[in-house]
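*Asks:* Fold the stuff below for me.
(one chain, ligands or ions: 1)
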Amino acid sequence: MADANIVFSPRKEVQGFEPYVPGRDMENVKRMYKLKRVIKLASNENPLGPSPKALAALKKAAAGLHRYPDGFSTNLRQALAQRCKVKSSQVCVGAGSDELIELLAKAYLGPGDEIVVSEHAFLRYRMAGELMGSRVVTVPMNVMTHDLEAMAAAVTARTKFVFIANPNNPTGTYNTREQLEEFLITLPARVVAVVDEAYFEFARLNSDYPNAIDFFKAGRNLVVLRTFSKAYGLAGVRLGYAVGPDALIDTLERVRPPFNVSIPAQAAGVAALGDGAHLKRVVALVAREKKAMERALKGMGVPSVRSAANFLLVQVSPHRGDELFEALLRQGMIVRAMDEYGFPEHIRVTIGRPEENRMFLSAFREARRLL
Ligand SMILES: Cc1ncc(COP(=O)(O)O)c(C=O)c1O
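*Replies:* Numbers count the residues shown, from 1 in each chain. Down below sits the predicted model:
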């Protein structure tokens, strides 16, 4: 700062933070490697894009962009409450489920508190806990799946939240209805389970996959997070929601920025909810293509983890994930290396359109041949 003697530094909790590394940007990769065509299968986005109804609503909403949005996202909140069969006061809408994770942390966590996460879980939970100076208790997985029994055993008098991504990113594995129910029954009343169902629309094809909102309605202590970024194809507008107890939602309402969900996001969200046919098409395509991709990889002797989401965690040993990532990038294929998730010999590949998946498989073969 202006006076060199004044040390102006962030809170100590923030000092070790590294910027979040998102999936590589397509235009940058094009320029960097002088490529004509780049395919991105890196951020678990929807290969078919949003519903045409959502796009039409977005265009219509553009006429009102000089105004602030409805700060309560009234229409969207009502549509979500109706869809989930809960009260509007039990729904909070945010700029992606990412914002809701952060709001939970800001509202409830501080130094001295603890959160429980599992070892290879979605990283934003850990970051939210660390941001607030809370202790993050990490529990090893059981065969690539959250070990809910061990997570329950890790709860102490200081625990505020147990974060459960169901299915988890990047493993794609899920906990069954029976497992989740058993876990929620044993959870002390002063602890809240955060059940993140970002991939709910894909995972529900499995008959033993739980809809965690049912447990909330049955009086269990949890908040459920969902997003429009994945199956609904609206990652770019940033829209997610939380369903939970009135008191918790009311608290989130008090800490959220007043206009956190934009006019286009609210309009697109309502329209997307009204297009069940598009959602069905997306989910069916992903299921079909995921099976084909799994089979093709297996045919090459390459194992992948059975996934309930729209991506596969692919084991690439004896290669390192980051070298395979680079070799694919040079061919214009963007996937994700998984070092930061504790999988140095894996990559994560989002299921794309059929031609994109075919191109991935051929680039993957080529990359393995060259390494
Ligand atoms: C498990 C999980 N939760 C939450 C998110 C965040 O999604 P968004 O902030 O786009 O709603 C993601 C995104 O990859 C995810 O995988």
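*Asks:* Do you have the strands of this protein handy? List them.
*Replies:* Secondary structure of the chain (DSSP state E): strands located at 39-40, 91-94, 114-118, 135-139, 159-165, 192-196, 222-227, 240-243, 311-315, 333-334, 336-338, 343-350.
*Asks:* give me every residue that touches residue 42.
*Replies:* Applying Cβ atoms under 8 Å, 6 or more residues apart in numbering, one finds that residue 42 lies in contact with 23-24, 334-336, 348, 350. Using the backbone N, CA and C atoms, a C-beta is placed for each residue, glycine as well.
*Asks:* same deal with residue 240?
*Replies:* Contacts were defined as Cβ under 8 Å, 6+ apart; by that measure residue 240 touches 93-100, 198, 225-229.
*Asks:* which of those come close to the ligand?
*Replies:* Judged by Cβ under 6 Å from any ligand atom, the overlap between the contacts of residue 240 and the neighbourhood of the ligand comprises 96-98, 198, 227, 229.
*Asks:* top of the residues you listed by neighbour count?
*Replies:* When neighbours are taken as other Cβ atoms under 10 Å, the top entry among these is residue 198 (27 neighbours).
*Asks:* show me the contacts for residue 219.
*Replies:* Counting by Cβ under 8 Å, 6+ apart, there are no residues that residue 219 touches.
*Asks:* Excluding chain neighbours, what is closest to residue 281?
*Replies:* In space, not counting the residues next to it along the chain, residue 281 is nearest to residue 48; the distance is 6.6 Å by Cβ to Cβ, 6 or more residues apart in numbering.
*Asks:* Would you map the helices across the stretch 251-371 of the chain?
*Replies:* Using DSSP state H, counting those that start in this stretch, the helices found in the stretch 251-371 of the chain span residues 263-273, 276-299, 321-329, 354-370.
*Asks:* Out of the ones you listed, which is closest to the ligand?
*Replies:* Ranking the helices of the stretch 251-371 of the chain by their distance to the ligand (criterion: Cβ to the nearest ligand atom) puts helix 263-273 first, at 10.9 Å.
*Asks:* ok so, going back, and of the contacts of residue 240, the nearest to residue 180?
*Replies:* Taking Cβ to Cβ as the measure, residue 225 is the one of these closest to residue 180, at 14.4 Å.
*Asks:* Going by proximity to the ligand, name the top residue of the protein.
*Replies:* Closest approach between the chain and the ligand, counting by Cβ to the nearest ligand atom: residue 96, at 2.7 Å.
*Asks:* That residue contacts residue 226, doesn't it?
*Replies:* No: the pair residue 96 / residue 226 is not scored as a contact, 10.7 Å apart, by Cβ atoms under 8 Å.
*Asks:* so how far is stretch 156-176 from its chain's centroid?
*Replies:* Distance, stretch centre to chain centre, for stretch 156-176: 12 Å (Cα atoms, centre = their mean, to the nearest Å).
*Asks:* what comes up buried for it?
*Replies:* Residues of stretch 156-176 classed as buried by neighbour count (16 or more other Cβ atoms under 10 Å): 159-176.
*Asks:* can you give me the end-to-end distance of it?
*Replies:* Taking Cα to Cα, to the nearest Å, stretch 156-176 runs 24 Å from one end to the other.
*Asks:* From here on, call the first residue 47.
*Replies:* Okay, residue one is now 47; in that scheme the one you just asked about reads as stretch 202-222.
*Asks:* do that stretch and the ligand meet?
*Replies:* Yes: using Cβ under 6 Å from any ligand atom, stretch 202-222 comes into contact with the ligand via 211, 215.
*Asks:* coming back round to it: and the strands of the chain: which comes nearest residue 107?
*Replies:* Nearest to residue 107, of all those, is strand 137-140, at 15.3 Å by Cβ to Cβ.
*Asks:* Spell out which parts of the stretch 47-196 of the chain neighbour the ligand.
*Replies:* Taking Cβ under 6 Å from any ligand atom as the criterion, the stretch 47-196 of the chain approaches the ligand at residues 90, 142-144, 168.
*Asks:* Buried ones in stretch 89-106, by neighbour count?
*Replies:* With burial defined by 16+ other Cβ under 10 Å, the residues of stretch 89-106 counted as buried are 89-97, 99-101, 103-104.
*Asks:* Can you tell me which of those residues is closest to residue 333?
*Replies:* For residue 333, the closest of the buried residues of stretch 89-106 turns out to be residue 93, at 12.2 Å, with distances computed as Cβ to Cβ.
*Asks:* what's the closest one in contact with, if anything?
*Replies:* Contacts here follow Cβ under 8 Å, 6+ apart; on that basis residue 93 touches 328, 331-332, 335, 396-399, 402.
*Asks:* how about 7 Å then?
*Replies:* Contacts of residue 93 were listed using Cβ atoms under 7 Å, 6 or more residues apart in numbering, and they are 331, 397-399, 402.
*Asks:* That concludes my questions; thank you for your assistance.
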